[in-house]
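Peer 1: okay, here's the prediction I keep looking at, along with the sequence it came from:
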Amino acid sequence: MTVPSSRILRVAGPLVETECPASAAMHDLVLLGTARLPGEVVAVHGDTATVQAYEYTGGLAPGHPAEPQGHPLSVRLGPGLLGGVFDGLLRPLSDAGDLLLTGGPSGAPDPRRWPFEPRVAAGARVAAGDALGDIAAAVALRVLVPPGLSGVVSDVAAAGEYTADTALAAVGGHEVRMAQSWPVRRPRPMAARLPSELPLHTGQRAVDLLFPVARGSTVAVPGGFGTGKTMLLQQIAKWCDADVIVYVGCGERGNEMADVIEELAELSDPRTGGRLSERTVTVANTSNMPMMAREASVHTGVTVAEYFRDMGLDVVVIADSTSRWAEALREFASRMGELPAEEGYPASLASQLAAFYERAAAVRTLGGATGSVTVLGAVSPPGGDRTEPVTAHTERFVRCLWSLERELAYARHYPAVSWTDSFSRDAPALAAAHARAGDPDWAARRGRVARLLAEADRLADLVELVGITALPPRERISVLGGRLLREAVVQQSALSPADAYSAPEKTAALVEATLTVIDRCLDLVDSGTTADAVEAVDFTPLLRARETAGPAQTAPVAAARDTVLARLAEAAA
């Protein structure tokens, strides 16, 4: 409900002081000037309210109108989000000549029509979260009874095509439409949180094998400039097995966001046969956009994800990057005169990061379905310093850490996920899930690979000091095994059609083939074959198996393994 209008008293950049109506409250939305620029109440002092504008305030002047809206920043949620590109306030950018739009927040009518099929009849009693009907789209969507509403269905539309603003049903005297409005900073309600026990397959072997993530979990991806954070997150957006992807470009360069949007539009979706962009929602809030819109963009993205989660879908939110979001918080705190904490960040940084990641969960919805929101956040520590506040606090709140190593990136090892500095707290639960799915050896393979990589790293320092020939034969094979695992399994080419995505069965085949070859090499040196003879064997077929085998093929991997084993047998003869 709109409260009485007021006037602008002072304009200081994006901070605007206005008269404060008695009913105004913190975080209320205010429309400023004749252009109705959106802003948010960030401080109230007596009869004066301080409003932080979400847009450039050029042209605003004292005496111009200020219209408090009586509610916090809210976004319009509906089927039209899929395939769209929006700014931090969820206003469409697809048809804009300039990425920066002016005007009020999201809420403009969508003229498109969507096929609707009712599930209930008049006279049925429904509760919050119950499905009233289905919407045919790239992803199966539903029209749900909004939270807080229940009662008897007094009217329901017949099957047909309707706009998102058409009243499709009446429940307890209230109209229900496809489109809903929801405050971005208020988590949508759920019936219960569930344990995160099902894996989210990303198609990236370094992640799925060593540092897996569960659906409904949280991941931080810290890495310095040039380590491949954006590339890794883009690959996950393309290939992970979530139903809906919400990609939030928070403070990133405009050319990078343009590349993401273009690639998503061109990439075929193996699940639907259409374009991947048709089940993706892109929130593009680039570095040249206003600071407060950047701060709101991550909340907007996770609110969109919760909307689809409530329909029983698995959603992945990719925030690239949370460091730019934290910088917006720091800039805002400085403008408000807050006492700075570490490195100028506000004292509330930790709690705000925790509140964001806490919205990730596997849940039982109000309607009884199961859905999940998985949050992946990139972190860009200045100079690669992981002790800086954003990285240090983020590591406390996430379940998985995929730390990107500069040395691996500069060696052109993609993805540059460090196997020494990363972790996954989801691994024990996912090992049980793999066992239930018919792969009881998953945990053993993962543990063996991790141990061999760690042993090879330990010996690498010795090799630099004394040379490889000074090591005992078994330790020389350990160094060889580490190289085979790195190049045949962990390394992956994002540009190869055969290797950009690795299905679970291909990943398992590569791991088993490489471990079999390593075991054979160890047997040979134990039986008297020299380490020089083993190291002289051509392992190329095994190293190239990841590119000669298709994304889900295992037969070429087995053939490459057999070829290398035959060459090892010749070396031992």
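Peer 2: Looks like it arrived, so ask away.

Peer 1: least confident secondary structure element in the chain?
Peer 2: Taking mean pLDDT, DSSP states H and E as the measure, the chain has helix 254-266 as its least confident helix or strand, at a mean of 80.

Peer 1: Thr34: how many residues sit nearby?
Peer 2: For Thr34, the tally of surrounding residues (other CB atoms under 10 Å) stands at 10. C-beta here means a position set from N, CA and C on the backbone, and glycine is covered the same way.

Peer 1: pull the least confident helix or strand of the chain out as PDB, backbone CA atoms only.
Peer 2: Extracted in PDB, the C-alpha atoms of helix 254-266 (Å, rounded to 0.1, in the frame of the first residue of the first chain):
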ATOM      1  CA  GLY A 254      30.300  -6.100 -19.400                       C
ATOM      2  CA  ASN A 255      32.200  -8.100 -22.100                       C
ATOM      3  CA  GLU A 256      32.300 -11.200 -19.900                       C
ATOM      4  CA  MET A 257      28.600 -11.000 -19.300                       C
ATOM      5  CA  ALA A 258      28.000 -10.500 -23.000                       C
ATOM      6  CA  ASP A 259      30.000 -13.700 -23.700                       C
ATOM      7  CA  VAL A 260      28.000 -15.700 -21.100                       C
ATOM      8  CA  ILE A 261      24.700 -14.600 -22.600                       C
ATOM      9  CA  GLU A 262      25.800 -15.300 -26.200                       C
ATOM     10  CA  GLU A 263      27.200 -18.800 -25.300                       C
ATOM     11  CA  LEU A 264      24.000 -19.800 -23.400                       C
ATOM     12  CA  ALA A 265      21.900 -18.700 -26.400                       C
ATOM     13  CA  GLU A 266      23.900 -20.800 -28.800                       C
END
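
Peer 1: oh, and call the first residue 852 from now on, that's how I've got it
Peer 2: Noted, 852 is the first residue going forward, which turns the last one into helix 1105-1117.

Peer 1: please name every helix or strand in contact with it.
Peer 2: Packed against helix 1105-1117 by the contact rule (3 or more CB pairs under 8 Å, 6 or more residues apart in numbering; DSSP states H and E) you find helix 1080-1090, strand 1095-1101, strand 1131-1136.

Peer 1: mind doing that once more with 6 Å?
Peer 2: Packing contacts for helix 1105-1117, counted by 3 or more CB pairs under 6 Å, 6 or more residues apart in numbering; DSSP states H and E, involve strand 1131-1136.

Peer 1: quick one: the strand it packs on to helix 1105-1117, angle?
Peer 2: Computed with axes from the mean of the first three to the mean of the last three CA atoms, to 10 degrees, the direction of strand 1131-1136 lies at 170 degrees from that of helix 1105-1117.

Peer 1: starting at the chain centroid, how far to the next helix or strand after strand 1131-1136?
Peer 2: The helix or strand immediately downstream of strand 1131-1136 is helix 1142-1160, counting by DSSP states H and E. Between the mean C-alpha location of helix 1142-1160 and the chain-wide mean there is a distance of 12 Å, by CA atoms, centre = their mean, to the nearest Å.

Peer 1: same question, stretch 1337-1348
Peer 2: Taking CA atoms, centre = their mean, one finds the center of stretch 1337-1348 at 22 Å from the center of the full chain.

Peer 1: just stretch 1211-1231 next, same as before
Peer 2: Using CA atoms, centre = their mean, the offset of stretch 1211-1231 from its chain centre is 11 Å.

Peer 1: and for stretch 1011-1019?
Peer 2: Once both centres are worked out by CA atoms, centre = their mean, stretch 1011-1019 turns out to sit 31 Å from its chain's centre.

Peer 1: buried set for that stretch?
Peer 2: Counting neighbours by 16 or more other CB atoms under 10 Å, one finds that the buried residues in stretch 1011-1019 are Tyr1013, Thr1014, Ala1015, Thr1017, Leu1019.

Peer 1: could you give the mean pLDDT of that stretch?
Peer 2: Predicted confidence along stretch 1011-1019 averages 93 (mean pLDDT).

Peer 1: now stretch 939-952
Peer 2: The model assigns stretch 939-952 a mean pLDDT of 62.

Peer 1: let's have the buried residues of stretch 1011-1019 in a markdown table, adding distance to Ala1294 and secondary structure.
Peer 2: Rendered in a markdown table, the data for the buried residues of stretch 1011-1019 read as follows (distance: CB to CB, whole Å; DSSP: H, G, I helix; E, B strand; the rest coil):
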| residue | distance to Ala1294 | secondary structure |
| --- | --- | --- |
| Tyr1013 | 50 | strand |
| Thr1014 | 51 | strand |
| Ala1015 | 46 | coil |
| Thr1017 | 52 | coil |
| Leu1019 | 48 | strand |
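
Peer 1: distance of Val1149 from Glu1103?
Peer 2: Noted for Val1149: a distance of 12 Å to Glu1103, by CB to CB, to the nearest Å.

Peer 1: check Val1224 too.
Peer 2: Using CB to CB, one gets 21 Å for the distance from Val1224 to Glu1103.

Peer 1: doesn't Glu868 belong to a helix?
Peer 2: No. Residue assignment for Glu868, taken from DSSP: H, G, I helix; E, B strand; the rest coil, gives strand, which places it outside any helix.

Peer 1: give me every residue that touches it.
Peer 2: Glu868 is in contact with Leu860, Arg861, Thr899, Thr901, counting by CB atoms under 6 Å, 6 or more residues apart in numbering.

Peer 1: please parse this protein into its domains.
Peer 2: By the record's domain assignment, the chain is partitioned as 857-925, 962-1029, 1044-1276, 1293-1423 (automatic domain parsing).

Peer 1: just these: most buried one?
Peer 2: domain 1044-1276 (a mean of 21; mean count of other CB atoms under 10 Å).

Peer 1: can you give me the offset of that domain from its chain's centre?
Peer 2: Relative to the centre of its chain, domain 1044-1276 is centred 4 Å away, using CA atoms, centre = their mean.

Peer 1: now swap in stretch 1356-1369 and tell me
Peer 2: Taking the mean of its C-alpha atoms, stretch 1356-1369 sits 29 Å from the chain's own mean (CA atoms, centre = their mean).

Peer 1: averaged pLDDT, that stretch. What do you get?
Peer 2: The average pLDDT within stretch 1356-1369 is 96.

Peer 1: alpha carbons of that stretch, as PDB, please.
Peer 2: Only the C-alpha atoms of stretch 1356-1369 are listed here, as PDB (Å, rounded to 0.1, in the frame of the first residue of the first chain):
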ATOM      1  CA  GLU A1356      30.400 -43.300 -16.200                       C
ATOM      2  CA  LYS A1357      33.200 -41.700 -18.200                       C
ATOM      3  CA  THR A1358      34.800 -40.200 -15.100                       C
ATOM      4  CA  ALA A1359      34.700 -43.600 -13.300                       C
ATOM      5  CA  ALA A1360      36.200 -45.400 -16.400                       C
ATOM      6  CA  LEU A1361      39.100 -42.900 -16.700                       C
ATOM      7  CA  VAL A1362      39.900 -43.200 -13.000                       C
ATOM      8  CA  GLU A1363      39.700 -47.000 -13.000                       C
ATOM      9  CA  ALA A1364      41.900 -47.200 -16.200                       C
ATOM     10  CA  THR A1365      44.500 -44.900 -14.700                       C
ATOM     11  CA  LEU A1366      44.600 -46.700 -11.400                       C
ATOM     12  CA  THR A1367      44.900 -50.000 -13.100                       C
ATOM     13  CA  VAL A1368      47.900 -48.800 -15.100                       C
ATOM     14  CA  ILE A1369      49.600 -47.300 -12.000                       C
END
